[in-house]
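Peer 1: have a look at this fold, sequence not included:
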Ligand code: CO
């Protein structure tokens with residue numbers, strides 16, 4: 001894995017959270033994007049070379065809605081950039097990690113993404129992401 005690509009934060013209201021993060025970071029989101037299939041709306045902020053992804057559920061059955069119900073707002077996942085997501089998934093599977101996606105799926109911000117179960121990363125949902133061409 002190359003680096004932390006972004007941190008994902010679950011929020012109940014994207015507009016309110018964006019206003020807060022705009023003030024916190026001193027600049028507006030550089031992009032917002034809805035991922036229909038995942039039932040989320042996202043906003044991305046840059047802080048120097050680092051990125052923050054805010055995620056708001058658009059569907060009460062989405063993973064983010066369930067997370068908010070159980071844990072409330074807060075850090076939802078840590079995402080790592082990889083060069084070859086399929087190879088990394090296979091490597092982790094071989095090593096006994098529970099991979100939540102059989103195959104990488106299309107995520108926000110022009111990425112292929114896949115997740116590793118939080119129980120296999122000491123309580124932190126872990127995302128692998130690779131730039132889509
Ligand atoms: Co993410």
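Peer 2: Yep, it's here. Keep in mind it's a predicted model, so treat the numbers as computed, not measured.

Peer 1: quick check: neighbours of whichever strand or helix holds residue 6 in the sheet, parallel or antiparallel?
Peer 2: Using DSSP states H and E, residue 6 sits in strand 3-10. According to DSSP bridges, strand 3-10 forms sheet pairs with strand 50-57 (parallel), strand 74-81 (antiparallel).

Peer 1: got the buried residues for the last one?
Peer 2: Buried residues in strand 74-81, defined by neighbour count with 16 or more other CB atoms under 10 Å: 76, 77, 79, 80, 81. (Glycine included, C-beta is placed from N, CA and C.)

Peer 1: so what touches the very next helix or strand once past it?
Peer 2: Later in the chain than strand 74-81, the nearest helix or strand by DSSP H and E is helix 85-94. Residues outside helix 85-94 that contact it (CB atoms under 8 Å, 6 or more residues apart in numbering): 1, 82, 99, 101, 103-104, 112-114, 116, 128-130.

Peer 1: 7 Å instead?
Peer 2: 1, 82, 99, 104, 112, 114, 116, 128, 130 (CB atoms under 7 Å, 6 or more residues apart in numbering).

Peer 1: buried subset of these, written for ChimeraX?
Peer 2: Buried members of these, defined by 16+ other CB under 10 Å, are picked up in ChimeraX with:
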select :82,99,104,112,114,116,128,130
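
Peer 1: which of the contacts of helix 85-94 are close to the ion?
Peer 2: Among the contacts of helix 85-94, proximity to the ion is found for none (CB under 5 Å from the ion).

Peer 1: among the contacts of helix 85-94, which lie within strands?
Peer 2: Among those, the ones falling in strands (DSSP state E) are 112, 114, 116, 128, 130.

Peer 1: between those residues, which is closest to the ion?
Peer 2: Lowest distance from the ion to the ones in strands among the contacts of helix 85-94 (CB to the ion) belongs to residue 128, with 10.0 Å.
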